[in-house]
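Student: please work out how this folds:
(chains A and B)
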Amino acid sequence: MEKKVRVRFAPSPTGGLHLGGVRTALFNYLFAKKHNGTFILRVEDTDQTRFVAGAEEYIASCLAWCGIHPDESPELGGEFGPYRQSERKPGYRKYAEQLIADGYAYYAFDTPEELDAKRKEIPNFLYGQASRMGMRNSLTLSEAEVAALLAQNMPHVVRIKMPEDENVSFVDMIRGHVSFDTNLVDDKVLLKADGMPTYHLAVVADDRAMQISHIFRGEEWLPSAPIHILLWRYLGWGDEMPKWAHLPLILKPDGNGKLSKRDGDRLGFPVYAQSWTDPKTGDTTKGFRELGFMPEAFVNLLAMLGWNDGTDKEIFTLPELIESFSIERVSKAGAKFDFEKAKWYNHEWIKLTAAENLLAVVKEEYAAEGMVLNDDNYTLKVIDLIKDRCNLLTDFVTQSKYFFTAPAEYDLPAVKGKWSPEKATFFTAYLNGLEDNQSAPELEEKFKSLAAEHNLKPGELMLPFRIMLVGGKFGPGVFDIAFALGVAETKKRISSALAAFE
RNA sequence: GGCCCGUUCGUCUACCGGUUAGGACGCCAGAUUUUCAUUCUGGAAAUAGGGGUUCGAUUCCCCUACGGGCUACCA
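Tutor: Residues are numbered from 1 along each chain as shown, chains lettered A, B, ... in the order given. Below you'll find the model as predicted:
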């Protein structure tokens, strides 16, 4: 009988949620849903010095926007709570002490200053195998000395005692067989002087407590995998160990290296899912959401960064991703982030989405510009007319503003030089001949026949007409615009433009 | 430096021993659009190098090169 699938996304609430983090959450979520399992959000807030107000709520909000809904979380609770590590503090010390009692860990009294000095003195200092007997810890001090130091509340940490000459290996679901020489892994701190566990202890203790079956995390965790594996064994849970998978990293588009927020700032694209305002500096970093990405597109493009279903299919809904996801098809190599392709995904999604489903967000975009759109039927028509030309949701306003408000200024250079009294006469005649309820083809027909009567080429008149209605050289078919605007508004725009073109 | 992981068009990737090495983004050209975008058609563009294994390697193994990650009382 297979173990029930339970996976978790365990971010540290220290700031904006990076797209790599969202992808890790997404792959966890997809795997869970694919296998009728449980997706858990656990907050790893063991570093009190890095606590950032609001970060936890922000992370939950980013995931919700993406449609990644946890089954258990700090907000929701669940039978394995609490889901915030700071609230699980009392439990960790017990494990640390159990490890010491069993000879798998030890107390260390070295001060941060002593360690710094050591690192300066010895270039490749590694607190472990070779050096631990030269440090101040319960391995070198007598039992009485240790007891005395403990009794007087001397600050100390607990370190894992890496075994000698062992090889720790495991099968990574993505990478296959991976192995480490324990002589080269250091005695990582398990419990900090403030009594909080480090990631290493907390992650193992909580994954066990929450009955996590599979661990999907970024490749940056690969080097600490042997510590975690040993901890599972040392704590006596070796046969309950989850399966591991280390996801490839998302790299910066130029050069190499992990994608960071700074790269986004430098290259001009978002890195965070949603805008994040640093509570200390007040600086806001824009996110994909605020830049006009649809959550469906964001999730889609993230899924395709390091995964594919083996076919040429590139556009996936979340349910489709769940259906076709498999961890075996995740690639091993890191992927450079390509913002151009990201925009393409968004464009595809905008084209794919019905106007009715775009209505609310378009109205929001306008509201942000201080404009209230209250004729939904009209707005829907406008959306259908322009959505194919929008890469980002924020493009809707620039692409359609003239449907809601007459152009404030005209691209005069576009008509200038070619403008003539004859053309003005033509437009006056066209304006006077406009009748209610004429369809776009009828408007066009009328326009062309009238042009012929005036001995003018329609081609020379359409651009000026466009400038009259739109203000610039863009937008859908000019008669479609005129039809959508309605006869009264079209007339108004022609006459105001005629005055401006003089 | 040490350890670990990786390496197919510029980018994301497919082909899990036998293909003219396929698709997508971007780019270029043409068509459509009497604007711009969309759309359509076509094009240039890749198996890092060297050894093995094999009848046959992009595919399996080794070495080299290159890239990345980790190397905190951060996660």
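Student: can you list the domains in chain A?
Tutor: Here chain A is described, according to automatic domain parsing, as comprising the domains A:6-83+A:249-336, A:88-247, A:354-403, A:413-501.
Student: any chance of these in TSV, with mean pLDDT too?
Tutor: TSV is the format used below for the domains of chain A (pLDDT from 0 to 100):
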stretch	mean pLDDT
domain A:6-83+A:249-336	95
domain A:88-247	95
domain A:354-403	95
domain A:413-501	90
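Student: how far away is residue A:444 from RNA strand B?
Tutor: Look at residue A:444 and RNA strand B: by CB to the nearest atom of the strand, to the nearest Å, they are 8 Å apart. C-beta: built from backbone N, CA, C; applies to glycine.
Student: contact partners for that residue?
Tutor: Residue A:444 sits next to residue A:479 when contact means CB atoms under 8 Å, 6 or more residues apart in numbering.
Student: surely it is within a helix?
Tutor: Yes. Assessed with DSSP: H, G, I helix; E, B strand; the rest coil, residue A:444 lies in a helix.
Student: which ones are touching the residue lying closest to residue A:86 once chain neighbours are set aside?
Tutor: Nearest residue to residue A:86 in three dimensions, chain neighbours excluded: residue A:45, at 4.8 Å (CB to CB, 6 or more residues apart in numbering). Going by CB under 8 Å, 6+ apart, residue A:45 touches A:12, A:13, A:51, A:56, A:84, A:85, A:86.
Student: okay, residue A:372 and residue A:364: tell me how far apart.
Tutor: Per CB to CB, to the nearest Å, residue A:372 is found 11 Å from residue A:364.
Student: which one's more surrounded, these two?
Tutor: Ranked by neighbour count (other CB atoms under 10 Å), residue A:372 and residue A:364 place residue A:364 first, with 13 against 8.
Student: which element is that one on?
Tutor: According to DSSP states H and E, residue A:364 maps onto helix A:355-368.
Student: spit out the contact partners of residue A:428.
Tutor: residue A:498.
Student: so the helix holding residue A:364, near RNA strand B or not?
Tutor: No. Applying CB under 7 Å from any atom of the strand, one finds helix A:355-368 separated from RNA strand B by no less than 14.9 Å.
Student: what's the most buried one of the domains of chain A?
Tutor: domain A:6-83+A:249-336 (a mean of 18; mean count of other CB atoms under 10 Å).
Student: does it come close to RNA strand B?
Tutor: Yes. Counting by CB under 7 Å from any atom of the strand, RNA strand B has neighbours in domain A:6-83+A:249-336: A:10-12, A:44, A:46-47, A:50, A:249, A:251, A:253, A:255-258, A:304-306, A:308, A:310, A:312, A:314, A:329, A:331-336.
Student: and those residues, which of them are in strands?
Tutor: Members of the residues of domain A:6-83+A:249-336 next to RNA strand B lying in strands (criterion: DSSP state E): A:251, A:335, A:336.
Student: near RNA strand B, which residues of the stretch 101-250 of chain A show up?
Tutor: A:110-112, A:115, A:119, A:124, A:126-127, A:155, A:157, A:175-181, A:184, A:186, A:189, A:192-194, A:196, A:198-199, A:219-224, A:248-249.
Student: go with 6 Å
Tutor: A:111-112, A:115, A:124, A:126, A:155, A:157, A:175, A:178, A:180-181, A:184, A:189, A:192-193, A:198-199, A:219-220, A:222-224, A:249 (CB under 6 Å from any atom of the strand).
Student: how about the stretch 401-502 of chain A?
Tutor: A:457, A:458, A:459, A:462, A:463, A:466, A:473, A:474, A:475, A:476, A:477.
Student: show me the contacts for the nearest residue to the first one once chain neighbours are set aside.
Tutor: Right, residue A:457. Closest residue to residue A:457 apart from its sequence neighbours, by CB to CB, 6+ apart: residue A:451 at 6.9 Å. Contact analysis of residue A:451 by CB under 8 Å, 6+ apart lists A:426, A:457, A:458, A:461.
Student: could you find the closest non-adjacent residue to residue A:450?
Tutor: Nearest one to residue A:450, counting by CB to CB, 6+ apart, is residue A:430 at 5.6 Å.
Student: looking at the ones in strands among the residues of domain A:6-83+A:249-336 next to RNA strand B, spot the one nearest residue A:30.
Tutor: Using CB to CB, residue A:335 comes nearest to residue A:30 of those, at 16.8 Å.
Student: who does that closest one bridge with?
Tutor: Beta-bridge partners of residue A:335, counted by DSSP bridges, are residue A:250.
Student: which residues of the stretch 351-500 of chain A fall in helices?
Tutor: All helices of the stretch 351-500 of chain A, identified by DSSP state H, counting those that start in this stretch, fall at A:355-368, A:376-386, A:395-404, A:412-415, A:421-433, A:440-453, A:458-470, A:478-485, A:487-501.
Student: and the last one, what does it pack onto?
Tutor: For helix A:487-501, the contact count by 3 or more CB pairs under 8 Å, 6 or more residues apart in numbering; DSSP states H and E identifies helix A:412-415, helix A:421-433, helix A:458-470 as packing neighbours.
Student: what's the offset of the shortest one from the middle of its chain?
Tutor: Okay, so that is helix A:412-415. Centre-to-centre, helix A:412-415 and its host chain are 43 Å apart (CA atoms, centre = their mean, to the nearest Å).
Student: great, nothing more from me.
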